[in-house]
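Participant: here is a sequence together with a model predicted from it:
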Amino acid sequence: MNKEVRVRFAPSPTGYLHLGSLRTALFNYLFAKHNKGKFILRIEDTDQSRKVEGAVENLINILNEMGLNYDEGPVVGGEFGPYSQSERLEIYKKYSDELLANGDAYYAFETAEELDEMRKVQQMQGKQTMYDRRARVLTENEVKEKLSSGIPYVIRLKVPLDTEIKFKDIIRGNVRIETNLVDDQVLLKSDGYPTYHLANVIDDHLMEITHIIRGEEWLTSVPKHIILYNAFGWEVPQMAHVPLILNPDKSKLSKRQGDVATEDYLKKGYLKEALLNFMTLLGWNPGEGEEKEIFSKNELVELFTIEKVNSAGAVFNVDKLNWMNGEYIKNYDIDKLTELIIPFLNSSGIDTSDIAKTKRVVFAIRNYISKLDEAAEQAKTYYYEVSLSPEQSELVNSETSKQVFESMIAKTDLMLEITIDNFKPMLSEVQKETGIKGKNLFMPVRLALTGEEHGPELGLIAYVLGKDEVLCRLRKFV
RNA sequence: GGCGCGUUGGUGUAAUUGGUUAACACGCCGCCCUCUCAAGGCGGAGAGUACGGGUUCGAUCCCCGUACGCGCUACCA
């Protein structure tokens, strides 16, 4: 008896995927997969003035890249298509005609200027700004006359007055709004395109959507939608309005205060697994005292329930994202991580053609970075010529340092290869032999090998450089 | 202005559907490890649950009010 769960992610193509949209898509995806249902992508491109070239392709790419593959939608198709609203215009026309015929909608002929004027007056009077429903009183003949004379028109929703709309949101519980406060929303614009409200209701019904999971900014327009469902005699899907993602100052996450496009984060070297993990935990938690925070996508699918989504907005905390991304980097498969890091190294001019060495480098730097774009900075040590400041070179060229290097060279020469495990014991022997220890022993070696006073443990450095390179760098100072 | 939604340390979240010294993670501070910087290990500071009233033997949890924040208030989504 349970219907198959069908949910949709219905973005308007803006040219990039906003983090808030990413999370909405993510929640829809997780909910669908958890319930063994379908995740549908629908493009809400009904605003011709906001058209962006290539935006749809970009959206699909990024969604796929993030692993949020949809079951039905543009490109992949499905039995409820087309999945772009701009290709469904006749459908909206048909249903708006039906509303007109049943008296649930009406024609209106005001110009944009007239509406502006109306609002201005309302504002001055301190009244609520909304359409004053003036066209409701037009007679059939007046309407006919205006239509035949070619005056541009819109079709507006005829909101039933003096009552209230009650509904239950899965996340927010019961909500009620008086219909007198609900605007006679434009449903069909004068260019023949539908507004969000009309298209959304019709498509959700036609595409047999069972659960609407979308951002909180839509909560107050739910009554308009319910009025439409009622007018058509359709069942209202279940609804869940997820909280917004916020800037540190608690306003809605915006460009002004940092990057908001998913693409930007990928470019900076955040791993998609980490991003998905982090975004899910923004406003959701498995609860019941679960203290784990690192979850694979499969685990999230298994655990995710929409009821556990928080109702309050969540501040986007980059510090925590960085930490989590670092956790993923530390534990990632080394071959895959190397593959991901190579482009970042190349773009800094590092030659990665020696794959074996590159892999050793990645192994060495993974504990030192929290984003992939920090890799080049950390990796430089292993690739560039050593250059020292006057003080540093004085230390390296001191008598004791020379002793250390000579002893090391002799011992290293005898080694088959340097490993992380055998380098340190070798240094211990050098210490015994020369009587030089502590900082006087290690710092010259560090400087000779890397040219820097800070860095990973020496064993790691020697291992990455390899025997030949280590010898080569040491010999420069004896 | 109107309407709606929200409010647990700085941030993200917990707290067996009223009974806990209010827990965990990030961040911050300190210690250990150590040649250095991270990582790691250990420890610490930081909220009495926005505020004020109720209900109750007992409220983070239920009810009311206030404050504050956010959202919506377009022929944008």
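Facilitator: Done, it's in. Residues are numbered from 1 along each chain as shown, chains lettered A, B, ... in the order given.
Participant: any residues touching the helix or strand of chain A with the lowest mean pLDDT, and which ones?
Facilitator: For chain A, the helix or strand with the lowest mean confidence is helix A:390-396, at a mean of 79 (criterion: mean pLDDT, DSSP states H and E). Outside helix A:390-396, the residues within contact range by CB atoms under 8 Å, 6 or more residues apart in numbering are A:388, A:401, A:443-444, A:447-448, A:451, A:453, A:477. Where C-beta positions appear, they are placed from N, C-alpha and C, glycine not excepted.
Participant: what do you get for stretch A:24-36?
Facilitator: Residues lying outside stretch A:24-36 but in contact with it, judged by CB under 8 Å, 6+ apart, are A:4-9, A:11, A:17, A:37-39, A:63, A:68, A:71, A:211, A:213-215, A:240, A:242, A:276, A:279-280, A:284, A:300-306, A:309.
Participant: could you redo the last one with a cut-off of 7 Å?
Facilitator: Contacts made with stretch A:24-36 from outside it, assessed by CB atoms under 7 Å, 6 or more residues apart in numbering, are listed as A:5, A:7-9, A:38-39, A:63, A:68, A:211, A:213-215, A:242, A:276, A:279-280, A:300-302, A:304, A:306, A:309.
Participant: returning to what we had before: buried sites along the helix or strand that comes right after the least confident helix or strand of chain A?
Facilitator: Proceeding N to C from helix A:390-396, the next assigned helix or strand is helix A:399-414, under DSSP states H and E. Applying a neighbour-count criterion of 16 or more other CB atoms under 10 Å, the buried positions in helix A:399-414 are A:401, A:403-408, A:412.
Participant: swap in stretch A:295-303?
Facilitator: Within stretch A:295-303, the residues that qualify as buried are A:295, A:297, A:300-301, A:303, counting by 16+ other CB under 10 Å.
Participant: just give me the closest of those residues to residue A:118.
Facilitator: Set against residue A:118, the nearest of the buried residues of stretch A:295-303 by CB to CB is residue A:300 (48.6 Å).
Participant: need the contact partners of the helix or strand hosting that closest one.
Facilitator: Element membership for residue A:300, per DSSP H and E: helix A:297-303. With CB under 7 Å, 6+ apart as the test, helix A:297-303 has contacts from A:30, A:33-34, A:67, A:276, A:280, A:286.
Participant: same question for stretch A:456-472.
Facilitator: Outside stretch A:456-472, the residues within contact range by CB under 7 Å, 6+ apart are A:360-361, A:364, A:368, A:382, A:409, A:412-413, A:415, A:417-420, A:423-424, A:442, A:445-446, A:449-450, A:455.
Participant: quick check: residue A:442 is in a helix.
Facilitator: Yes: counting by DSSP: H, G, I helix; E, B strand; the rest coil, residue A:442 falls inside a helix.
Participant: distance from the chain centre to the least confident helix or strand of chain A, please.
Facilitator: The chain centroid and the centroid of helix A:390-396 are separated by 48 Å under CA atoms, centre = their mean, to the nearest Å.
Participant: kindly format the C-alpha coordinates of that helix as CSV.
Facilitator: Taking only C-alpha atoms (Å, rounded to 0.1, in the frame of the first residue of the first chain), the coordinates of helix A:390-396 have been written out as CSV:
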residue,chain,number,x,y,z
PRO,A,390,73.4,33.4,6.0
GLU,A,391,72.7,32.2,9.5
GLN,A,392,71.5,28.9,8.3
SER,A,393,74.4,28.4,6.0
GLU,A,394,76.8,29.2,8.8
LEU,A,395,75.3,26.4,10.9
VAL,A,396,75.4,24.0,8.1
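Participant: ramachandran coordinates for residue A:105?
Facilitator: phi -150, psi 160 (degrees, to the nearest 10).
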